[in-house]
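Visitor: the following block contains a protein sequence and its predicted model.
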Amino acid sequence: MEFLRFPQLIQIEIVQQMDGRELMNLYFLSARARNVVKSFRLRNVHTVVDCGNLRCTSWIQCRPSSYPDKMITMRMRTLNWPEGRVYILECNGIVQLNASVIDREAEALPEIARELRRQKAFGILCTLYLHGMFTEIEVFTIRVSCKRRFDVFGEQNIFCFFQGQKYRYNGDFASLNQLWNDRVNYFPTIFPILDGILPANTLLTNISTIRSKICQGVTSALLQQFNGTSVVLENTNLTDNDFNLLINNWYEGGQPNLKALILWRVNDENVDLDAVLQGFEAHPYDEQQRARRYFLTPEIEAYSAGYKILLDCVDGLDIIRPRDGMRCTVRICEQTVFCFYVWHQNFPHA
């Protein structure tokens, strides 16, 4: 290839102008090309491995940063070739590497363990390839997910993110194997794969965010067991008194991690704000005390554009907790949706 005959300064200029697909094509061209790519010390700013979808995305920056950023993607695909089914690693939609060994190893396992084995092998493979291209991964995120059925909440798609800084693979394969084994088995450990339905409290005590649409069986006592940050529930049978009890639980020091509750009633019955706030001293919005819009739950904003409206707290009423001065906002949206926000931070960082 002519590229490898150019002086290094010209090679650097060419690589800096490449997009992610061109960079991957060069990297897999030959062993010499791989060494050339790694010698340029490109920055792997952020890599996200989505285990459930067997997809890895890396955002790459050049030095100097005036050159265009690049994105590298790797994903596993199954193709039906004339010689049979082939499992491949596809890089930026064009480079295809035979990875059938992963599929063969997984097929030999029981069905329950099969997908976990594929996820683990995919994670290890991505880590090794990225190590071959970059000195370190500045931010390394691993997303794991599962689907389980719970009492009251029904079937839930659950996910969790593990994030590390300045990750470097040091050649210790046993440690790399253990890392990925721990990650892909995170949910099977806390939510064992059973034929029956898991208790609702196992969801509430192990998950940071919950969103569910069929929630007639949810009670205020059950919600008070929630250890995470945000709950969005539709079609509940919760009463004005239940909403009052939830506020009081926080007021008395319960649920220290809680940030937001957004709760709909099953019959769209109007919420009586006076009944909800009974026993509390409430204050109108003051722009000197907190932000107008609740900004501490980006996961809620990501649900849909409609949820952003629920986070506007200009018409909300604030309650101050005497024990530590922490503030919460209670808002009834369109007379039927109970919104409760805890201000762990009153204003966004400048």
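Guide: Cool, the structure landed. Residues are numbered from 1 along each chain as shown.

Visitor: can you list the low-confidence ranges for the stretch 201-350 of the chain?
Guide: 350 (pLDDT under 70).

Visitor: all strands of the stretch 101-250 of the chain, in order?
Guide: Listed in chain order, the strands found in the stretch 101-250 of the chain under DSSP state E, counting those that start in this stretch are 137-150, 154-167, 209-212, 230-236.

Visitor: where do the helices of the stretch 101-250 of the chain begin and end?
Guide: 111-133, 173-184, 186-190, 200-204, 220-223, 240-251 (DSSP state H, counting those that start in this stretch).

Visitor: report the buried residues of the third one.
Guide: Applying a neighbour-count criterion of 16 or more other C-beta atoms under 10 Å, the buried positions in helix 186-190 are Tyr186, Phe187, Ile190. In this view, the C-beta of every residue, glycine as well, is placed from N, C-alpha and C.

Visitor: JSON lines for the residues you listed, including distance to Arg85 and pLDDT?
Guide: Written out in JSON lines, the entries for those read as follows (distance: C-beta to C-beta, whole Å; pLDDT from 0 to 100):
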{"residue": "Tyr186", "distance to Arg85": "29", "pLDDT": "94"}
{"residue": "Phe187", "distance to Arg85": "28", "pLDDT": "93"}
{"residue": "Ile190", "distance to Arg85": "33", "pLDDT": "91"}
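
Visitor: contacting residues around the closest residue to Phe140 other than its chain neighbours?
Guide: For Phe140, the nearest residue in space outside its immediate sequence neighbours is Tyr167; the separation is 4.1 Å by C-beta to C-beta, 6 or more residues apart in numbering. Tyr167 makes contacts with Glu136, Ile137, Phe140, as judged by C-beta atoms under 8 Å, 6 or more residues apart in numbering.

Visitor: any of the residues you listed buried? List them.
Guide: With neighbours counted by 16+ other C-beta under 10 Å, the contacts of Tyr167 contain buried members at Ile137, Phe140.

Visitor: would a markdown table of the contacts of Tyr167 with distance to Arg149 and pLDDT be doable?
Guide: Written out in a markdown table, the entries for those read as follows (distance: C-beta to C-beta, whole Å; pLDDT from 0 to 100):
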| residue | distance to Arg149 | pLDDT |
| --- | --- | --- |
| Glu136 | 41 | 91 |
| Ile137 | 35 | 94 |
| Phe140 | 32 | 96 |
